[in-house]
Structures are given as structure tokens and as C-alpha cells.
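Colleague: could you look at this predicted model? Sequence included:
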Amino acid sequence: MRHCDVDQTQPGVRKHGKCKTGGGAETCRSMIMTKTDTAGSGSLSHNWLALAVFLVVVVGAGSFIGVLNAPGAWYSGLDKPFFNPPNWVFAPVWTLLYLMIAIAGWRLWITERSGLAMKLWFGQLVVNWVWTPVFFTLQLLWPALVVLAVMWLLIVGVIAAAWHADRTSSWLMMPYLAWVSFAGLLNAAVAWLN
């Protein structure tokens, strides 16, 4: 006997039971059920609606907060390190990252709605939304770095907690972790130079 593998290409797929060695894919497939099958109340259209909500909330709120707290003359006047990217880079990068964050959150919502990964996902999102006004509007560079460090730890927590439940969600969060790591270095450099 061997355990069936979780199908990482479909959100909400869980393994149940064991498969016979040599029993073929059909034997394993018959033992795999989605959460909606086991709950009996979910549907694919409901899952797509949830995805739409995640996309609108994450991308919409992130963009709205970015517009409300846009870098202005204050930020332009700061001394910046040589590796500071041009301002036009930030909007497309954050839009792409917010799309990935939303999809990861949606997948975790389907697979682990009340699990640790989902709780950490919500936590990192709130902290993400706090960083922009702390840095750009309140102009608190060192406290913003502390906020960013908390965000970084929460993102690592999401990746670790989701790794076994939905590895795709973990992978979707990794570019975000890389960008937040870079943002932390940039935040620290700007704080140090000013």
C-alpha cells in the first residue's frame, strides 16, 4: 500500500486513504475527494466567486492604499541608495504581487479556511496595508522597517504553514517574500541615509 499524492493543480483537493501498488491511477483517483465533495455544499461557481472577491479585495485595497499614500515631494527629496529602482517599477510589481497574494489566499481559503496558514495570510495582508501609510504618509522610516520585518515573518509563516496543505500557495508567496526582502533592504538604506 502507498499513500495517494495530493493533486496540487486543483485547489481544495485532499487525499483520503491509501492506494494499492500497481493499482493504477484510477484506483488512486477514486480515493481522492475535493473538500466540496466531502462538505456537500460547495460548487465550482462558488469557488470562482470567492476568487473574484479575493482579487477585488487584495488588488483593489492595495491599489487604493497605494494611491492614497503615493510617494510625493518628501520621498523624492530623500537620499536613496544606488539600487533604488525607478518609481515606475513599483506599480506593476505590486499589482502582479497582489494578484499572486490574492490567488494564494483564495487557494488557502478553499483548502484550509480555518488553518494557521489562512490566519497568517490575513495577518500579513493587514500588515502590508499598514506599511505604506507608515512609510509614505507618516514618514516614519525606522518604524516602517519594523512593520516590514513583521510582514516578512508573517509571509515566511504562510509559506511554511501552507507547504503541506497547498504547495502552490507557498510558491505563489515566494516572489512576494523576495520583493519584501528587497523592500526591507531599501527601507533600511533610506532610513540610514536620512
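Modeller: Sure thing, it's come through.

Colleague: do you know how far Pro133 is from Trp109?
Modeller: From Pro133 over to Trp109 the distance is 26 Å, taken as CB to CB, to the nearest Å. The C-beta positions use only the backbone N, C-alpha and C, and glycine is treated the same way.

Colleague: between the two, which is the more surrounded one?
Modeller: Set side by side, Pro133 and Trp109 give different neighbour counts by other CB atoms under 10 Å, the larger being at Trp109 (22 against 16).

Colleague: select the longest helix from this protein.
Modeller: In the chain, assigned by DSSP state H, the helix with the most residues is helix 167-193.

Colleague: what residues does the nearest residue to Trp163 once chain neighbours are set aside make contact with?
Modeller: When the adjacent residues along the chain are set aside, Trp163 lies closest to Ser170, with 4.9 Å between them (CB to CB, 6 or more residues apart in numbering). Residues touching Ser170, when contacts are defined by CB atoms under 8 Å, 6 or more residues apart in numbering, comprise 104, 158-160, 162-163.

Colleague: now do Val57
Modeller: Residues in contact with Val57, defined by CB under 8 Å, 6+ apart, are Ala102.

Colleague: helix or strand for it, which one?
Modeller: Applying DSSP states H and E as the criterion places Val57 in helix 44-68.

Colleague: now swap in Trp142 and tell me
Modeller: Trp142 is part of helix 141-162, with elements assigned from DSSP H and E.

Colleague: keeping just the C-alphas, turn that helix into CSV.
Modeller: Listed in CSV are the C-alpha atoms of helix 141-162, where the atom choice follows Å, rounded to 0.1, in the frame of the first residue of the first chain:
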residue,chain,number,x,y,z
LEU,A,141,11.3,55.3,8.3
TRP,A,142,12.5,53.2,11.2
PRO,A,143,9.1,52.2,12.5
ALA,A,144,8.2,51.3,8.9
LEU,A,145,11.2,48.9,8.8
VAL,A,146,9.8,47.2,12.0
VAL,A,147,6.4,46.8,10.3
LEU,A,148,8.2,45.4,7.3
ALA,A,149,10.1,42.9,9.4
VAL,A,150,6.8,41.7,11.0
MET,A,151,5.4,41.4,7.4
TRP,A,152,8.4,39.3,6.4
LEU,A,153,8.0,36.9,9.3
LEU,A,154,4.3,36.5,8.6
ILE,A,155,5.0,35.8,4.9
VAL,A,156,7.5,33.1,5.9
GLY,A,157,4.9,31.7,8.3
VAL,A,158,2.3,31.5,5.5
ILE,A,159,4.8,29.7,3.2
ALA,A,160,5.8,27.2,5.9
ALA,A,161,2.2,26.6,7.1
ALA,A,162,0.8,26.2,3.6
